[in-house]
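Colleague: turn this into a structure:
(one chain, ligands or ions: 1)
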Amino acid sequence: MRYGLIQTWRRGAFEISTDPKRLPLPRVHALLAATYWAEAIPLAVVRRALKHSLNFGLYDTSHSGDAVLTGFARIISDYATFAYVCDVVIAPEHRGQRLGSWLMECILAHPQLQQLRRWYLATLDAQPLYAQFGFIPVPEPERHMEIRRPGLYRDAEFISRWLAARGEAQPDAHD
Ligand SMILES: CC(C)(COP(=O)(O)OP(=O)(O)OC[C@H]1O[C@@H](n2cnc3c(N)ncnc32)[C@H](O)[C@@H]1OP(=O)(O)O)[C@@H](O)C(=O)NCCC(=O)NCCS
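Modeller: Sure thing, here's the model as predicted:
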């Protein structure tokens, strides 16, 4: 991994780490599959998305044994001009404790994400979370365009086409 990307922050029993080796893929998948934007996302898609992102895992270390992943966010960036914040999620039982705010604070403090020209994100209703850090609604929406495919993961043929486009075989049953 690129020098300087792995960082750790600690607050009480919670830890935020960008170390990809610590991330439990099935738990990230479970958190994301329960969100409104990634409902039914296949495991293979999450695996590939994580592989090509800077991932922020939020861990609860108060239990004996392994730390429990209680939050997650990932950044897609060129590390020079632009960063896209996506898949921000805190486990339901930990919401409302400012952990989402702390996660955003750490993301914006990451040494490899400084002095970027633009940060971008999309949200249905969590604007107050991001507004604290200076995010504003797009002032000139007519200058922004997108291709959007809602409901993609519910398409019965989607995963076959997705895998075929990448030259990959059908996943195992657990995928
Ligand atoms: C959105 C989410 C990440 C926020 O995490 P959190 O730890 O509960 O947030 P915080 O406690 O740090 O909240 C910070 C502020 O944002 C506000 N806020 C957080 N989530 C909000 C939401 N969904 N709608 C409106 N306001 C929200 C809080 O009320 C709080 O405001 P305050 O400072 O006036 O009290 C979490 O609720 C979550 O995982 N939700 C489901 C997934 C989701 O919607 N993710 C965001 C996708 S863009």
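
Colleague: the closest residue to the ligand within the chain sits in which helix or strand?
Modeller: Per Cβ to the nearest ligand atom, Gly100 is where the chain lies closest to the ligand, at 2.4 Å. Where you see a C-beta, it was placed from the backbone N, CA and C, and this is true even at glycine. Gly100 is part of helix 99-109, with elements assigned from DSSP states H and E.

Colleague: now do that helix: distance to the chain's middle.
Modeller: 12 Å (Cα atoms, centre = their mean, to the nearest Å).

Colleague: for this structure, just list every one of the helices.
Modeller: Shown for the chain, the helices assigned by DSSP state H span residues 25-33, 43-51, 99-109, 127-131, 158-165.

Colleague: contacts for the shortest one?
Modeller: Helix 127-131 is touched from outside by Val85, Val88, Gly100, Ser101, Met104, Leu121, Thr123, Phe135, Pro137, with contacts defined as Cβ atoms under 8 Å, 6 or more residues apart in numbering.

Colleague: now that helix: mean pLDDT?
Modeller: Regarding helix 127-131, the rounded mean pLDDT is 98.

Colleague: what does this structure have sitting close to the ligand?
Modeller: Contact residues, the chain versus the ligand (Cβ under 6 Å from any ligand atom): 35, 88-90, 95-101, 123, 125-126, 128-129.

Colleague: mind pulling up the pLDDT for the nearest residue to His110 once chain neighbours are set aside?
Modeller: Spatial nearest neighbour of His110, excluding adjacent residues (Cβ to Cβ, 6 or more residues apart in numbering): Gln7 at 6.0 Å. Looking at Gln7, its pLDDT stands at 98.

Colleague: tell me who's in contact with Gln7.
Modeller: Gln7 neighbours (Cβ under 8 Å, 6+ apart): Ser17, Thr18, Cys106, His110, Pro111.

Colleague: residue ranges with poor pLDDT in the protein?
Modeller: For the chain, applying pLDDT under 70 flags the ranges 1, 171-175.

Colleague: picking that back up, any buried residues in the helix holding Gly100, and which?
Modeller: Within helix 99-109, the residues that count as buried by 16 or more other Cβ atoms under 10 Å are Leu99, Gly100, Trp102, Leu103, Met104, Cys106, Ile107, Leu108.

Colleague: now render the helices of the chain as a markdown table, adding distance to Thr61.
Modeller: Listed next are these as a markdown table, based on distance: least, Cβ to Cβ, whole Å:
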| stretch | distance to Thr61 |
| --- | --- |
| helix 25-33 | 15 |
| helix 43-51 | 21 |
| helix 99-109 | 13 |
| helix 127-131 | 23 |
| helix 158-165 | 35 |
